[in-house]
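**Student:** Just a sequence and a predicted model for now, questions to come.
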Amino acid sequence: MAIEQAVTSTLDNALQASTKKSDSCIWVGLSAGVDSTVLMHAAAKYCSLSGHNLRAIHVHHGLSENADAWAKQANGLCEHLSQKFSITIDCIVENVTLNQHGKSLEQAARSARYEIFSKYCQSNDVLLQGHHLDDQIETFFMRAVRGSGLAGLASIPQQRSLSRDNHCQVLRPLLALEKIQLIQYAKEHQLHWVEDESNLDSKMDRNWWRNELLPQVWRRYPEQKKSLFRTINNVQHEHALLQTLIVDKLMSKSEQQSDALIHPALKDIPSFDLSLIHGLDQSSGFSYLRAWLAQYVDILPSTVQMQIIYAEMIHARADSEPKVSWATSCLHRYQGYLYLLNAKSNSTIEVSSTIDRKNNWQGESLNGFGGYLECTEKADSFVLKPASYNIRCWKAGDVAKPTGRSTRKLKKWWQDYNVPNWARQHWPIIVDKDTDEIAVIPGLFICHGYSVSRDQLGWQVNYRVISKNDFKFF
């Protein structure tokens, strides 16, 4: 049958590409509705023949008075299919509390589901979801009327990674199949499923499209679903091609230009040279920025947010340092560059293990201060005298006198060394333990009186702001 063929083909392709396919687990996002019930049945049949492990995840949102019954139905289905196909199917039921905070109920529920998926699914696993052609078309129309570009009109991808940190492959083998085909399959195999009563509420956008408008479209154009399927596939292909071409062009231009205005300690932070889009019209600039951002974040700015970025950042005064946030991301502008940072809290730099003060420091390397402080022994004229120091963040009124230079406010030195405001507040400053006088600012300079004599052994101190590859910067 078409459904079993689609599931088999999708899983064969995905698991053959896995380097450790014998260790892979096949997960199914099981709501207990007809879509996921059919998918669960087809996946159970596949695993009974292939020997792969199969597990289900049911997320209990608690939004319906029937939610407990749905969880029970999911468990019962897994027990039934385990007996039918002589395999073991574990069903994990997770209760969640939705955190809306500026999100719609649908967005909050989706975020909660994906948090649970990330909790259980490993990078070598696959996660099956029951989205079908009708879901795809609804998404296409909803995004079209919102003014989406190619990225939005590409709608639901057939395959993608669960997240940037979790490479479990999310697979949607039923995207080319209509809902009616799934219902027919369920009836033929005498499957039972639940109906979410909220699906009848046409006050919700998706339900209005599903229940009110699209049925009229299909009565007028009964054979056009497959045509729309081809349209969406074409959009997905052209969007992927455009992304590749733009990213290649950005990389080519970046290689030709100097990043002299970026402090070496910030090289790991994603940055965008605004000169790359100088002279381009706004629509083209949008395309370049989105292509750059798509390399690092899952949630891109909306059209309105992109317009704000253009108005408040691209066209800002050269000496200003504006900031624009969305979702969990934040853009800062400094000296002609955009820097992409985390916006989960008031602190733009978040690390899993951080400190903001260290007493009695004696040359050990540290994770903290928003980055990595490295200290190595070296014989040179411009290395720090070994001693016991304190490390702290900068404060108003700090002054410094680099070796051979004048005494100035630290704010002026930050500017001279191209250190943005958002980085200054976390930058480690090594100070005299007794006087609190600045001895060295890693990556900038050693102060007068704190460097070793010529060719003596001392400490070379370096600092870099961490990236997501180190401590989940994003």
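**Tutor:** Sure, I can see it.

**Student:** where does the stretch 151-300 of the chain dip in pLDDT?
**Tutor:** Within the stretch 151-300 of the chain, the stretches with pLDDT under 70 are 254-258.

**Student:** for it, what spans make up the helices?
**Tutor:** Assigned by DSSP state H, counting those that start in this stretch, the helices in the stretch 151-300 of the chain fall at 179-188, 205-208, 214-220, 225-256, 282-293.

**Student:** From the contact counts, what lies against the first one?
**Tutor:** Right, helix 179-188. Contact analysis of helix 179-188 by 3 or more C-beta pairs under 8 Å, 6 or more residues apart in numbering; DSSP states H and E lists helix 2-17, helix 34-50 as its packing neighbours. For glycine as for every other residue, the C-beta is placed from the backbone atoms N, C-alpha and C.

**Student:** and if we set it to 10 Å?
**Tutor:** Helices and strands touching helix 179-188, by 3 or more C-beta pairs under 10 Å, 6 or more residues apart in numbering; DSSP states H and E, are helix 2-17, helix 34-50, helix 133-145.

**Student:** Can you tell me which of the helices of the stretch 151-300 of the chain is most buried?
**Tutor:** Burial of the helices of the stretch 151-300 of the chain is given as mean neighbour count (mean count of other C-beta atoms under 10 Å); helix 282-293 ranks first at a mean of 18.

**Student:** then the following helix or strand past it to PDB, C-alphas only?
**Tutor:** Next along the chain after helix 282-293, taking DSSP states H and E as the criterion, comes helix 303-309. C-alpha atoms of helix 303-309 as PDB (Å, rounded to 0.1, in the frame of the first residue of the first chain):
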ATOM      1  CA  THR A 303       9.000  40.300   7.700                       C
ATOM      2  CA  VAL A 304       8.100  43.000  10.200                       C
ATOM      3  CA  GLN A 305      11.200  42.100  12.300                       C
ATOM      4  CA  MET A 306      13.400  42.300   9.200                       C
ATOM      5  CA  GLN A 307      12.000  45.700   8.500                       C
ATOM      6  CA  ILE A 308      12.900  46.800  12.100                       C
ATOM      7  CA  ILE A 309      16.400  45.400  11.600                       C
END
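
**Student:** Tell me the buried residues in helix 303-309?
**Tutor:** By neighbour count on 16 or more other C-beta atoms under 10 Å, the buried set for helix 303-309 is 306, 309.

**Student:** hmm, back to that, tell me which of the helices of the stretch 151-300 of the chain lies nearest to residue 409.
**Tutor:** helix 225-256 (33.6 Å; C-beta to C-beta).

**Student:** what inclination does that closest one have with respect to helix 282-293?
**Tutor:** 80 degrees (axes from the mean of the first three to the mean of the last three C-alpha atoms, to 10 degrees).

**Student:** What is the distance between helix 225-256 and the centre of its chain?
**Tutor:** Its chain's C-alpha centre and that of helix 225-256 lie 19 Å apart, by C-alpha atoms, centre = their mean, to the nearest Å.

**Student:** Save the helices of the stretch 151-300 of the chain as TSV, and put in distance to residue 418 too.
**Tutor:** Listed next are the helices of the stretch 151-300 of the chain as TSV, based on distance: least, C-beta to C-beta, whole Å:
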stretch	distance to residue 418
helix 179-188	56
helix 205-208	46
helix 214-220	54
helix 225-256	17
helix 282-293	21
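
**Student:** Would you mind saying which of those helices lies nearest residue 448?
**Tutor:** Among those, helix 225-256 comes nearest to residue 448, with 37.9 Å by C-beta to C-beta.

**Student:** What helices and strands are in contact with that closest one?
**Tutor:** helix 133-145, helix 150-153, helix 214-220, strand 271-273, helix 282-293.

**Student:** What are the boundaries of the strands in the stretch 351-474 of the chain?
**Tutor:** Ranges of strands in the stretch 351-474 of the chain, per DSSP state E, counting those that start in this stretch, are 357-361, 366-368, 371-379, 389-392, 399-400, 408-409, 429-432, 438-441, 445-446, 457-465.

**Student:** if we can go back for a sec, would you tell me which of the helices and strands packed on helix 225-256 gets closest to residue 262?
**Tutor:** Between residue 262 and these, the shortest gap by C-beta to C-beta is with strand 271-273, which sits at 6.1 Å.

**Student:** Can you list the strands that that closest one pairs with?
**Tutor:** If you go by DSSP bridges, strand 271-273 pairs up with strand 337-342 (antiparallel).

**Student:** quick one: the partner strand to chain centroid distance?
**Tutor:** Relative to its chain's centre, strand 337-342 lies at 14 Å (C-alpha atoms, centre = their mean).

**Student:** Quick one: mean pLDDT over that strand.
**Tutor:** The pLDDT scores in strand 337-342 average 89.

**Student:** Pull out the buried residues from it.
**Tutor:** Neighbour count says strand 337-342 has 337, 338, 339, 340, 341, 342 buried, by 16+ other C-beta under 10 Å.

**Student:** Among those residues, which one lies nearest to residue 216?
**Tutor:** Nearest to residue 216 among these: residue 340, at 43.7 Å, using C-beta to C-beta.

**Student:** list the contacts for that closest one?
**Tutor:** For residue 340, the contact set (C-beta atoms under 10 Å, 6 or more residues apart in numbering) comprises 269-272, 292-293, 295-297, 329-332, 468, 473-474.

**Student:** Who is it paired with across the strands?
**Tutor:** The partner residues for residue 340, given DSSP bridges, come to residue 331.

**Student:** quick one: it from residue 276, how far?
**Tutor:** Distance of residue 340 to residue 276, given as C-beta to C-beta, to the nearest Å: 15 Å.

**Student:** picking that back up, between the helices and strands packed on helix 225-256, which one is closest to residue 397.
**Tutor:** strand 271-273 (30.3 Å).

**Student:** Tell me which residues are up against that closest one.
**Tutor:** Defining contact as C-beta under 10 Å, 6+ apart, one finds that strand 271-273 is touched by 250, 253-254, 257-259, 261-262, 288-289, 292-293, 331-334, 336-340.

**Student:** What about the closest residue in space to residue 453 that isn't next to it in sequence? Give its phi and psi, please.
**Tutor:** Residue nearest to residue 453 in three dimensions, not counting chain neighbours: residue 381, with 7.7 Å by C-beta to C-beta, 6 or more residues apart in numbering. The phi/psi pair for residue 381 (degrees, to the nearest 10) reads phi -80, psi -20.

**Student:** Could you measure from residue 381 over to residue 293?
**Tutor:** Counting by C-beta to C-beta, the gap from residue 381 to residue 293 is 44 Å.

**Student:** same thing with residue 335?
**Tutor:** Distance from residue 335 to residue 293, by C-beta to C-beta: 20 Å.

**Student:** From residue 98, how far out is residue 111?
**Tutor:** Going from residue 111 to residue 98 by C-beta to C-beta gives 8 Å.

**Student:** My error: substitute residue 41 in the last question.
**Tutor:** Taking C-beta to C-beta, one finds residue 41 at 29 Å from residue 98.

**Student:** swap in residue 406?
**Tutor:** To residue 98, residue 406 is 58 Å away according to C-beta to C-beta.

**Student:** Looking at those two now, which is surrounded by more residues?
**Tutor:** More crowded of residue 406 and residue 98, by other C-beta atoms under 10 Å: residue 98, with 16 against 9.

**Student:** so the more buried one sits right up against residue 63, yeah?
**Tutor:** Yes: Residue 98 lies in contact with residue 63 (C-beta atoms under 10 Å); the separation is 7.7 Å.

**Student:** Now the common contact residues for these two.
**Tutor:** When contacts are counted by C-beta under 10 Å, 6+ apart, residue 98 and residue 63 have 105, 108, 109 as shared neighbours.
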